[in-house]
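fold the stuff below for me.
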Amino acid sequence: MRRTSRVTTEERRLACCPTEQARFVEHLFARYRHALLSYLCGLLARRADAEDVLQETCARLLKVETLDRTLGRARAYMFKVATNLAYDRFRRRAEVSLEAAEAPELASDAESPEAMVDFAQGLAIVEKAILELKPRCRFVFLLRAGDGLSYEAIADRLGISKRTVEREMQHALEVCQIRLKRARE
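Below is the predicted model of the structure:
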């Protein structure tokens with residue numbers, strides 16, 4: 001079944017003149033700002049983070065020279081850029097959490113140098129495994145391990161069942177355990 005879209009006169013006017021890129025992006029954000037902010041608030045723990053990602057998304061779209069000015073495609077691209085920026089924020093937060101978790105271990109005099117090296121190597125293996133997970137699985141893991149959210153809270157935030165959260169978390173833990181076991185062999 002073929003979808004037809006109705007293109008408004010305003011959209012047609014904005015699409016025809018490449019010098020009006022900023023006006024098109026402004027129009028796009030005026031129309032979808034609330035929906036995008038709600039989506040980002042669902043992805044990110046803090047509203048301030050969601051607003052930061054929203055602004056960064058706008059800045060990125062203003063820099064795109066060949067933005068498809070079909071409203072539906074531009075909206076989809078805008079949400080994709082915002083999602084990628086949110087995941088980048090998660091990665092940075094996970095790296096900071098891992099560094100903070102690593103610091104007390106390194107400062108401890110009770111640990112031998114070999115144990116500290118083993119810990120650091122294990123941490124690197126787990127970090128790599130987490131980054132290779134599918135996005136939803138990685139997101140569930142980070143919300144649980146990084147933000148300490150309950151399975152119920154994660155399910156509510158992502159709009160999925162608690163059972164799905166449990167399965168995603170179990171998968172993430174299994175992947176980490178397999179990677180660690182392989183590294184020791």
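
tell me the gap between the helix or strand containing Ala22 and the middle of its chain.
Of the helices and strands defined by DSSP states H and E, Ala22 is found in helix 21-43. Relative to its chain's centre, helix 21-43 lies at 17 Å (Cα atoms, centre = their mean, to the nearest Å).

which other helices and strands contact that helix?
Judged by 3 or more Cβ pairs under 8 Å, 6 or more residues apart in numbering; DSSP states H and E, helix 21-43 is in contact with helix 9-16, helix 47-63, helix 71-107, helix 151-158. C-beta here means a position set from N, CA and C on the backbone, and glycine is covered the same way.

pick out the shakiest of those, pLDDT-wise.
Of all the helices and strands packed on helix 21-43, mean pLDDT reaches its minimum on helix 9-16 (a mean of 48).

I'd like the average pLDDT over the helix holding Ala22.
Helix 21-43 comes out at a mean pLDDT of 85.

give the buried residues for that helix.
21, 24-25, 27-29, 32, 36-37, 39-41, 43 (16 or more other Cβ atoms under 10 Å).

quick one: which of those is nearest Ala50?
Leu40 (3.7 Å; Cβ to Cβ).

the closest one reaches Arg89, doesn't it?
No. Contact criterion Cβ atoms under 8 Å: Leu40 and Arg89 do not qualify, at 9.8 Å.

now do the shared contacts for these two.
Among the neighbours of Leu40, those also in contact with Arg89 (Cβ atoms under 8 Å, 6 or more residues apart in numbering) are Asp49, Val53.

coming back round to it: now what about the helix holding Ala22, what contacts it?
Helix 21-43 is contacted from outside by 10-11, 14-15, 47, 49-51, 53-54, 57-58, 61-62, 65, 67, 69, 71, 74-75, 78-79, 82-83, 86, 139, 157-159, using Cβ under 8 Å, 6+ apart.

what do you get for stretch 132-148?
With Cβ under 8 Å, 6+ apart as the test, stretch 132-148 has contacts from 43, 45, 87, 90, 93-94, 97, 130-131, 149, 151, 153-154, 157-158, 160, 165, 168-169, 171-172, 175.

emit the ChimeraX select command for whichever of those residues are buried.
Buried members of the contacts of stretch 132-148, identified by 16+ other Cβ under 10 Å, are gathered into one ChimeraX selection as follows:
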select :43,45,87,90,93,94,130,149,151,153,154,157,158,165,168,169,172,175
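
can you give the domain ranges for this structure?
Per automatic domain parsing, the domain ranges recorded for the chain read 8-88, 108-185.

and the last one, how far out from the chain middle?
In other words, domain 108-185. Counting by Cα atoms, centre = their mean, domain 108-185 comes out at 16 Å from the chain centroid.

same check on the longest one?
For domain 8-88, the gap between its own C-alpha mean and the chain's C-alpha mean amounts to 16 Å (Cα atoms, centre = their mean).
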